[in-house]
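Engineer: next comes the sequence, and after it the predicted model I'd like to discuss.
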Amino acid sequence: MLAAKSLRKAVVAPSLLENPSAANLQSTRLALHVDDSSSSCTVYIASGCSIYRVQISMEDSLVNKGKESLLIPVSAQVIDSSLVNRCPHRSEIQSIVLSETESNDHLILGSVDSYGHLIVSQLDPSSKDVNRVAVAHSFCKSIDIYDQDIHLRTLRTANLST
């Protein structure tokens with residue numbers, strides 16, 4: 001059986017997330033990355049058309065138990081929080097996913113909005129900026145590739161006749 005080693009609760013500053021969407025804390029709109037030393041974790045939260053980054057301290061973690069072994073979360077210190085730059089959705093984000101690359105020096109963040117537009121961003125964990133972005137429009141009829149703010153190329157999918 002799995003046992004919890006730490007249970008943290010962090011409060012997102014109202015100044016960062018002033019008008020959250022009603023469903024911003026669904027499991028499909030939250031992604032988590034733990035640093036190599038396990039001293040902190042970074043939480044990515046999608047709300048409305050934006051993605052926010054919140055870094056939380058994981059040091060001195062304990063598990064507090066209440067009545068009938070109910071786990072009680074410990075308040076965590078928010079180290080840093082910011083808006084993720086260059087994730088240009090025009091409608092509400094429905095889902096995000098986060099993955100590490102094989103070299104562990106970059107993270108890949110994918111997000112899909114309510115119109116089916118997919119944005120795949122390459123993140124540098126040590127920075128708040130996005131390095132590269134690929135945008136798929138209209139359920140992958142075209143893919144635009146960006147490096148920072150510079151549009152590099154557009155790839156069009158083949159139209160298959162039936």
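Structural biologist: Received, thanks.
Engineer: any stretches of the chain with poor pLDDT?
Structural biologist: The model of the chain has pLDDT under 70 over residues 22-27, 61, 104, 128-132, 134-142, 148-149, 158-162.
Engineer: residue contacts, the residue nearest the centre of the chain?
Structural biologist: Geometric centre of the chain, nearest residue: Tyr44, 3.0 Å, by C-alpha atoms, centre = their mean. The neighbourhood of Tyr44, defined by C-beta atoms under 8 Å, 6 or more residues apart in numbering, consists of 30-33, 51-54, 84, 96, 98, 109. All C-beta spots, glycine's among them, are computed from the backbone N, C-alpha and C.
Engineer: would a markdown table of those with secondary structure be doable?
Structural biologist: Converted to a markdown table, the contacts of Tyr44 look like this (DSSP: H, G, I helix; E, B strand; the rest coil):
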| residue | secondary structure |
| --- | --- |
| Leu30 | strand |
| Ala31 | strand |
| Leu32 | strand |
| His33 | strand |
| Ile51 | strand |
| Tyr52 | strand |
| Arg53 | strand |
| Val54 | strand |
| Val84 | coil |
| Ile96 | strand |
| Leu98 | strand |
| Leu109 | strand |
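Engineer: out of these, which are buried?
Structural biologist: With burial judged by 16 or more other C-beta atoms under 10 Å, the buried subset of the contacts of Tyr44 is 30-31, 33, 51-54, 84, 96, 98, 109.
Engineer: and which of those residues is nearest Ser15?
Structural biologist: Relative to Ser15, the closest of the buried ones among the contacts of Tyr44 is Tyr52; by C-beta to C-beta it sits at 11.3 Å.
Engineer: rewinding a little: regarding the residue nearest to the centre of the chain, what is its secondary structure?
Structural biologist: strand.
Engineer: which one is it nearest to, not counting chain neighbours?
Structural biologist: Nearest residue to Tyr44, sequence neighbours excluded (C-beta to C-beta, 6 or more residues apart in numbering): Ala31, at 4.4 Å.
Engineer: same check on Arg8?
Structural biologist: Of all residues not flanking Arg8 in the chain, Ala76 sits nearest, at 3.9 Å (C-beta to C-beta, 6+ apart).
Engineer: likewise Ile145?
Structural biologist: Once flanking residues are discounted, Ile145 sits nearest to Leu152: 4.6 Å by C-beta to C-beta, 6+ apart.
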